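Peer 1: After the sequence you'll find the predicted model.
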Amino acid sequence: MSDNQFFKSTPLYKEYLLLEAVEKNADITQRELSRILGVAVSMINEYLDKVEKLGYLNKVYKSSKDVKYIITDKGVNRKKLLNVAYLKSAQSLYNIAKTNIIEFLTQVSKTAKQLILYGAGEVAEILINTIHDHPYLGIKTLAVIDDNPLKVGQTILSIPIIPKESLSNYKSDGILISSYGAHDEIYSKLLNMNYDKNKIYHFFD
């Protein structure tokens with residue numbers, strides 16, 4: 001939960017991160033806590049004092065500058081509650097995102113059932129997973145093209161990664177560009193290969 005680039009760092013989220021960090025390492029430094037919470041070191045004492053007053057942790061002073069942070073049973077239960085709340089919010093966002101992907105694939109399925117993806121990254125993995133989990137779409141992923149020779153010969157969820165030169169070996173209904181950063185470059189490559197632009201599907205417009 002601590003490594004998340006998509007959720008706003010709210011006070012509740014920071015509280016969770018603090019309790020999680022302290023539970024994992026009672027000897028954690030304030031500088032390390034500042035990095036995890038994404039706040040200034042000077043603010044950490046304020047966060048620690050707050051959760052201590054709430055009974056979520058105890059400070060044990062080994063010296064004036066050396067402090068051990070012990071999470072209490074109440075703190076452990078609080079962390080569990082925050083974790084459940086976080087998962088509920090994350091699941092809600094996931095369901096919205098998944099619905100959008102299914103709607104897109106439903107449109108694609110009207111004209112293409114045998115697909116090749118172009119771009120062997122996280123987007124391709126998500127698309128393949130969604131296709132696999134929703135067989136009613138009637139879509140089959142034949143292969144994934146990628147221009148990185150280090151990826152060619154590997155697989156994504158059992159789907160082979162191939163070079164674009166092997167495209168003619170597969171009888172597909174179209175190619176779905178599954179890359180955001182290289183979308184325009186891939187589209188140009190396909191057009192230069194005289195691939196029918198009407199059979200090119202764009203996940204990212």
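Peer 2: Right, received. Where do you want to start? Numbering: from 1, shown residues only.
Peer 1: Output the contacting helices and strands for the lowest-mean-pLDDT helix or strand in the chain.
Peer 2: Taking mean pLDDT, DSSP states H and E as the measure, helix 73-109 is the helix or strand of the chain with the lowest mean score, a mean of 90. On a contact count with 3 or more Cβ pairs under 8 Å, 6 or more residues apart in numbering; DSSP states H and E, helix 73-109 meets helix 11-24, helix 122-133. C-betas here are computed from N, CA, C, even on glycine.
Peer 1: As JSON lines, these with mean pLDDT would be great.
Peer 2: Listed next are the helices and strands packed on helix 73-109 as JSON lines, based on pLDDT from 0 to 100:
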{"stretch": "helix 11-24", "mean pLDDT": "93"}
{"stretch": "helix 122-133", "mean pLDDT": "93"}
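Peer 1: Figure out which of the ones you listed is closest to K74.
Peer 2: helix 11-24 (10.3 Å; Cβ to Cβ).
Peer 1: What are the buried residues along the helix or strand just after the closest one?
Peer 2: Going down the chain from helix 11-24, the next helix or strand is helix 30-37, by DSSP states H and E. Across helix 30-37, burial judged by 16 or more other Cβ atoms under 10 Å covers 30, 33-34, 36-37.
Peer 1: Give me the domain ranges for the chain.
Peer 2: According to automatic domain parsing, the chain comprises the domains 11-93, 111-202.
Peer 1: Worst mean pLDDT among the ones you listed?
Peer 2: With a mean of 92, domain 11-93 has the lowest mean pLDDT of these.
Peer 1: Can you name the next helix or strand after the host helix or strand of S188?
Peer 2: For S188, the element it lies in under DSSP H and E is helix 183-192. Per DSSP H and E, the first helix or strand lying C-terminal to helix 183-192 is strand 200-202.
Peer 1: which residues are in contact with that next one?
Peer 2: Under the contact criterion Cβ atoms under 8 Å, 6 or more residues apart in numbering, strand 200-202 has outside partners 108, 112, 115, 174-177, 183, 187, 190.
Peer 1: will you turn those residues into TSV that also has distance to V123 and neighbour count?
Peer 2: Shown next, in TSV, are those (distance: Cβ to Cβ, whole Å; neighbours: other Cβ atoms under 10 Å):
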residue	distance to V123	neighbour count
V108	14	20
A112	17	20
L115	13	26
G174	16	17
I175	14	25
L176	10	26
I177	9	23
H183	10	17
Y187	15	18
L190	17	20
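Peer 1: Return the member of those nearest to A21.
Peer 2: The shortest approach to A21 among those belongs to H183, at 38.3 Å (Cβ to Cβ).
Peer 1: circling back to that earlier point, so which of the helices and strands packed on helix 73-109 comes closest to N198?
Peer 2: With distances scored as Cβ to Cβ, the stretch of the helices and strands packed on helix 73-109 nearest to N198 is helix 122-133 (20.0 Å).
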